[in-house]
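Enquirer: Next one to model:
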Amino acid sequence: MTMFIIRLLNVLLAGLMAGAVFSIAVGYNPRYLSVGAYVEQHQNAVNGLNTLLPLLGLFTILLTLGSAYLQRSDRMVLIPLIIAALFFITSGLVTRFGNQPINSIVMTWAKDSIPENWTELRAKWWSYHLIRTATTFVGFAIVSWKSIKN
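Expert: This next block holds a predicted model:
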């Protein structure tokens with residue numbers, strides 16, 4: 001029963017994580033926003049998600065590793081789950097060292113005093129986000145596959 005609960009929670013949290021980054025990728029593409037709209041939207045998203053998503057990511061990693069450990073006798077499950085955890089870890093590292101430093105910079109901006117390189121930072125943030133979207137999705141796909149398969 002414990003293994004079932006951990007696997008279920010793993011799929012649920014990985015799905016929430018993948019859904020969150022996918023929704024940001026689809027609904028928050030900043031390319032066509034005015035500078036004022038971009039700053040307002042970005043700051044609002046950071047205020048709402050900057051604590052929640054890293055915690056969700058951490059719990060997803062821990063549950064994936066816990067699920068792998070509980071199923072360590074089956075290498076056909078163990079190895080893919082470790083790979084999934086590595087994808088989730090990559091997402092976390094991209095967030096921590098790519099997106100979050102840019103978030104910190106954007107949080108200091110006022111709509112009427114934006115630095116000239118704001119579009120470069122916006123493009124860099126977006127590139128990091130697309131990487132973490134892809135890595136989170138792959139991790140979620142592996143977790144889901146191994147939960148359905150076994």
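Enquirer: secondary structure element for the residue lying closest to residue 110 once chain neighbours are set aside?
Expert: Sequence neighbours aside, residue 39 is the residue nearest to residue 110 in space, at 7.8 Å (criterion: Cβ to Cβ, 6 or more residues apart in numbering). Bear in mind the C-beta positions are built from the backbone N, C-alpha and C, glycine included. Using DSSP states H and E, residue 39 maps to helix 35-49.
Enquirer: continuing past that helix, what's the next helix or strand?
Expert: Counting by DSSP H and E, what follows helix 35-49 is helix 52-70.
Enquirer: Pull out the buried positions in the next helix-or-strand element following that next one.
Expert: As assigned by DSSP H and E, the chain's next helix or strand after helix 52-70 is helix 75-94. Residues 77-78, 80-81, 83-92, 94 are the ones in helix 75-94 that count as buried (16 or more other Cβ atoms under 10 Å).
Enquirer: same question, stretch 108-118
Expert: 109, 114.
Enquirer: re earlier: and which of the buried residues of helix 75-94 is nearest residue 23?
Expert: residue 91 (14.8 Å; Cβ to Cβ).
Enquirer: who's in contact with that closest one?
Expert: 17, 21, 57, 132, 135, 136, 139 (Cβ atoms under 8 Å, 6 or more residues apart in numbering).
Enquirer: ditto for residue 137
Expert: 18, 21, 22.
Enquirer: Return the distance of the first one relative to residue 72.
Expert: The spacing between residue 18 and residue 72, counted by Cβ to Cβ, to the nearest Å, is 25 Å.
Enquirer: Mind checking which of those two has more residues around it?
Expert: Higher neighbour count among residue 18 and residue 72: residue 18, with 23 against 12, using other Cβ atoms under 10 Å.
Enquirer: Make sure that one is actually in contact with residue 136.
Expert: Yes. If you go by Cβ atoms under 8 Å, residue 18 and residue 136 touch, sitting 5.1 Å apart.
Enquirer: And for residue 44, the neighbour number?
Expert: 10.
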